[in-house]
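Asker: pasting a predicted model and its sequence here:
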Amino acid sequence: MKKFWLLSFNLLIAFATACQPTRQSTDKSMLKPGDEIDGMIITTGTAKTPPLWAFCSPALENDGVMSADCEVPQLSRLAIGHTFGVADPTLQTMDWSSLTWELHVNGQPVDLEAFGIHNYVMPDLAPRPSPVREIFGQMKAWDVVLTNPTPGAHVLLGTAYAKNEMHKWIVNFTVKTRGTPHLPIDPFQ
């Protein structure tokens, strides 16, 4: 009987210890509209905001990962929710609700569902000789905007997972300080 009580007591201690919540120092909550990251506010409003890709060199693909480097003037707002490659045609034709998305800004995950999707039209050239030179394509981007991007280096990491494929982009962007040349006027202000 004594062994039974001792075994029961040890099992109770083991169970109570196992049920204690654990704290992980790497646990970061997902960014939502209105949150602050590195002195910047993350919000929505892509329709009235210059897109990050407008300041980037052409995206390069290496081992299935698109990467771009960008130098951005100091702006009051910067849209960062576009896919890179500029607007990868494969991603634009897929049903976005069937994809699993991830976006990180400076290592911090973004809750994309809280921001929603921005639909827009983008001009392009006709793929074959045609009397109509320009065509317009329906495009999508996540409605994610940085307000008052802080000067210095930042990293944007995006991933979209489909059933058997993964689309990934890394954007290294540097926001210039006030003393460096920049656009004289923020057209979206």
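Answerer: That came in fine, so what should we check first?

Asker: list the buried ones in stretch 150-160?
Answerer: Using 16 or more other CB atoms under 10 Å as the test for burial, stretch 150-160 gives 154, 156-160. Every residue, glycine included, has its C-beta placed from N, CA and C.

Asker: ignore what I typed, I meant stretch 98-117.
Answerer: Of the residues in stretch 98-117, 99, 101, 103-105, 110, 112, 114-115 count as buried by neighbour count, 16+ other CB under 10 Å.

Asker: start to end distance for that stretch?
Answerer: In stretch 98-117, first residue to last residue: 14 Å (CA to CA, to the nearest Å).

Asker: stretch 156-165 too?
Answerer: Distance between the two ends of stretch 156-165: 20 Å, counting by CA to CA.

Asker: again, but for stretch 68-81
Answerer: For stretch 68-81, the first-to-last residue distance is 14 Å (CA to CA).

Asker: and what of stretch 107-117?
Answerer: Start-to-end, stretch 107-117 (CA to CA) is 22 Å.

Asker: repeat that for stretch 99-117.
Answerer: 13 Å.

Asker: what's it in contact with?
Answerer: Here stretch 99-117 makes contact (CB atoms under 8 Å, 6 or more residues apart in numbering) with 28, 30-33, 37-38, 42, 44, 80-81, 91, 96, 140-144, 146, 154-162.

Asker: returning to that earlier point: ok, the buried residues of stretch 98-117 vs residue 63, which is closest?
Answerer: Comparing the buried residues of stretch 98-117 against residue 63 with CB to CB places residue 104 closest, at 18.8 Å.

Asker: before I go, just wanted to say thanks for your time.
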